[in-house]
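In: For reference, the sequence and a predicted model appear below.
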Protein chains: 2
Amino acid sequence: MNGSLVVVGTGPGKAALMTGATQTALARATDLVGYGPYLDRVPRRRHQRLHASDNRAELERARLALSLATEGRHVVVVSGGDPGVFAMASAVFEAVEAGDPAWRELDIRVEPGVTAMLAAAAEVGAPLGGDFCAISLSDNLKAWSTIERRLTLAAEADFVIALYNPASKARPHQLGQAFELLKKIKAAATPVLFVRAAGTADAEVVTTTLGTADPSRADMRTLVIIGASTTRRVGRWVYTPRGERGTP
Amino acid sequence: MNGSLVVVGTGPGKAALMTGATQTALARATDLVGYGPYLDRVPRRRHQRLHASDNRAELERARLALSLATEGRHVVVVSGGDPGVFAMASAVFEAVEAGDPAWRELDIRVEPGVTAMLAAAAEVGAPLGGDFCAISLSDNLKAWSTIERRLTLAAEADFVIALYNPASKARPHQLGQAFELLKKIKAAATPVLFVRAAGTADAEVVTTTLGTADPSRADMRTLVIIGASTTRRVGRWVYTPRGERGTP
């Protein structure tokens, strides 16, 4: 039997931000594999098997999905946002590389989606309008020194910086450390945005500056954006001009 | 009369990658403003006025859209991809900042979409699976020296690098210069991806390395991704592991 595996992202939360291609993949699946809260966003269909797992168990979840596809099932692995950005697609290919050689022959596809920073940016205007970078602040899988080095170089490059996973119960102090480091390079007046639950009905935006930003405002549902030197407010919006002079 | 302005992106090309929220905004518009080829992707509706313009005239197009909204029209500005990433949303806020103070009172919204690098990454696996940056190689609005500085710092940070606008008829040599610069910092074996027409039925992928990449492969429809030190091939896919060690 020829099974298949599609890795999808549900987008930031509300169904209207899911692509049609992702909805089609979900409708065709025999098996859905994912972190429970993401599976909850997917409409229930008869005869579909659900395999919910804990948030941390990415590799285990990837291996389960690959095994099911080998058995001939049509499996969809469900992430939030875009599956290729700090989500499940990498874990699936890590599992392929380390696992059963038969997995390399499987029909595996990734469907792109709306990742959190795009939804967060849209809530406030166009802060990602210039060159930008995305950094996960989680040190579960990389050294904090690597993160500090990337933050420093990103600030020196004058990138707009989108921070994924800015804080969790296990890591309450890292965002404050990141702000301290960025303050040495970026101006105190640099706009900082805390966007919570972007792309959902509960979205909340706090617009502040690097000099006054309170890191305790961030939680696991928050995306933090730190502006470039040109990022500015106009009316109730924040945007980064396309050019480096920054004057319209 | 209360007009409105929504800035949307059609995604990479095929309708199945447009979000439901964007389709709804398009259906409700009285006026569509955009670069001709993007407007061509939108289903025609009776009574809707189309305002097609040239690719370069972003600010003029933004001002037209804002004027129409002030007249009470429900205007949708149509970009490709995500409107906040090297697209129309920034131009709209630049026009607001420099224009009629009444424009600041308008009902303006941005709808997020699937930007080109996410569609390109999905075509090949998960190359954006670690920290990454997005740089536009166009020097229409910023100095080439700024671009070179950002490329150097991005390479030193070991970011995966997504290059938007890698080449055009007016700028045939810059991608080659960028590769030369990156070769001084990144290993020759670093995976380089040329993804043309990502997220469309015509998608083409070339997987090569920094040491052998031919910059003339890129055109205006190409997105170029240069891996981090951990980016690797497995079977026919390319991915960046979540952790810095890069070994599954």
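Out: On my side now, so go ahead. Residues are numbered from 1 along each chain as shown, chains lettered A, B, ... in the order given.

In: where does the closest residue to residue A:96 other than its chain neighbours land in three-state SS?
Out: Nearest residue to residue A:96 in three dimensions, chain neighbours excluded: residue A:103, at 4.8 Å (Cβ to Cβ, 6 or more residues apart in numbering or on different chains). Just so you know, the C-beta spots here come from the backbone N, C-alpha and C atoms, and that holds for glycine as well. The three-state label given to residue A:103 by DSSP: H, G, I helix; E, B strand; the rest coil is helix.

In: Any figure for the gap between residue A:39 and residue A:78?
Out: As judged by Cβ to Cβ, to the nearest Å, residue A:39 and residue A:78 stand 6 Å apart.

In: can you list residues touching both of these two?
Out: Residues touching both residue A:39 and residue A:78 (Cβ atoms under 8 Å, 6 or more residues apart in numbering or on different chains): residue A:32.

In: burial count for the residue nearest to residue A:96?
Out: Using other Cβ atoms under 10 Å in any protein chain shown, residue A:103 has 24 neighbouring residues.

In: same question, the one 5 residues further on
Out: In terms of burial, residue A:108 registers 24 neighbours under the definition other Cβ under 10 Å.

In: host element of it?
Out: For residue A:108, the host element (DSSP states H and E) is strand A:107-110.

In: contact partners of the following helix or strand past that strand?
Out: Downstream of strand A:107-110, the first helix or strand assigned by DSSP H and E is helix A:116-124. Identification of contacts with helix A:116-124 by Cβ under 8 Å, 6+ apart yields A:11-12, A:17, A:80-81, A:85, A:127-128, A:134, A:162, A:164, A:193, A:195, A:198-199, A:203, A:205, A:207, A:223, A:225, A:237-238, B:82-85, B:89, B:109-113, B:115.

In: so what strands line up beside the strand holding residue A:108?
Out: Sheet pairing for strand A:107-110, assigned by DSSP bridges, gives strand A:4-9 (parallel).

In: pLDDT at the nearest residue to residue A:128 once chain neighbours are set aside, what is it?
Out: Once flanking residues are discounted, residue A:128 sits nearest to residue A:121: 4.5 Å by Cβ to Cβ, 6+ apart. Per-residue pLDDT puts residue A:121 at 98.

In: Distance of residue A:121 relative to residue B:40?
Out: 26 Å.

In: Out of those two, name the residue with the larger neighbour count.
Out: Between residue A:121 and residue B:40, counted using other Cβ under 10 Å, the more crowded position is residue A:121 (31 against 13).

In: between residue A:39 and residue A:78, who's got more neighbours?
Out: residue A:78 (31 against 17).

In: Next up, the contacts around the more buried one.
Out: Listed by Cβ under 8 Å, 6+ apart, the contact set of residue A:78 reads A:8-10, A:26, A:32-35, A:38-39, A:41-42, A:88.

In: Take the contacts of helix A:116-124 and keep only those in strands.
Out: If you go by DSSP state E, those have A:134, A:162, A:164, A:193, A:195, A:205, A:207, A:223, A:225, A:237-238, B:109-110 in strands.

In: these two touch, right, residue A:93 and residue B:233?
Out: No - counting by Cβ atoms under 8 Å, residue A:93 sits too far from residue B:233 to count as a contact (9.7 Å).

In: okay, those two: which has more neighbours?
Out: residue A:93 (30 against 16).

In: secondary structure class for the more buried one?
Out: helix.

In: Now it: closest residue in space that isn't a chain neighbour?
Out: residue B:239 (3.8 Å).

In: Next: residue A:92.
Out: Spatially, and ignoring its direct neighbours in sequence, residue A:92 is nearest to residue A:62 (4.5 Å; Cβ to Cβ, 6+ apart).

In: Then residue A:90?
Out: Using Cβ to Cβ, 6+ apart, the closest residue to residue A:90 is residue B:129 (3.1 Å).

In: Ok, residue A:237 next?
Out: That would be residue A:125: by Cβ to Cβ, 6+ apart, it lies 3.4 Å from residue A:237.

In: Over to residue A:217?
Out: Excluding the flanking residues, the one nearest residue A:217 by Cβ to Cβ, 6+ apart is residue A:194, at 4.8 Å.

In: wouldn't that neighbour be in contact with residue A:212 here?
Out: No - using Cβ under 8 Å, residue A:194 is not in contact with residue A:212; the gap is 11.9 Å.

In: Comparing these two, which shows the higher neighbour count?
Out: residue A:194 (23 against 9).

In: what is that one paired to in the beta sheet?
Out: Beta-bridge partners of residue A:194, counted by DSSP bridges, are residue A:206, residue A:224.

In: Excluding chain neighbours, give the residue nearest to residue A:9 in space.
Out: Nearest residue to residue A:9 in three dimensions, chain neighbours excluded: residue A:113, at 3.2 Å (Cβ to Cβ, 6+ apart).

In: Correction: the previous question concerned residue A:42.
Out: Using Cβ to Cβ, 6+ apart, the closest residue to residue A:42 is residue A:26 (5.5 Å).

In: got it, and residue A:157?
Out: Using Cβ to Cβ, 6+ apart and skipping residues adjacent in sequence, the residue nearest residue A:157 is residue B:153, 3.9 Å away.

In: what about that neighbour, is that helix, strand or coil?
Out: Per three-state DSSP, the local secondary structure of residue B:153 is helix.

In: so what's it up against?
Out: A:153-154, A:156-157.

In: redo that, cut-off 10 Å
Out: Contacts here follow Cβ atoms under 10 Å, 6 or more residues apart in numbering or on different chains; on that basis residue B:153 touches A:133, A:150, A:152-159, B:133, B:159, B:185.

In: is it possible to export these to TSV including pLDDT and distance to residue B:171?
Out: Output for the contacts of residue B:153, formatted as TSV (pLDDT from 0 to 100; distance: Cβ to Cβ, whole Å):
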residue	pLDDT	distance to residue B:171
A:133	98	23
A:150	98	29
A:152	98	30
A:153	98	26
A:154	98	25
A:155	98	28
A:156	98	25
A:157	98	21
A:158	98	22
A:159	98	22
B:133	98	20
B:159	98	23
B:185	98	22
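
In: Please consider this matter closed, and thank you.
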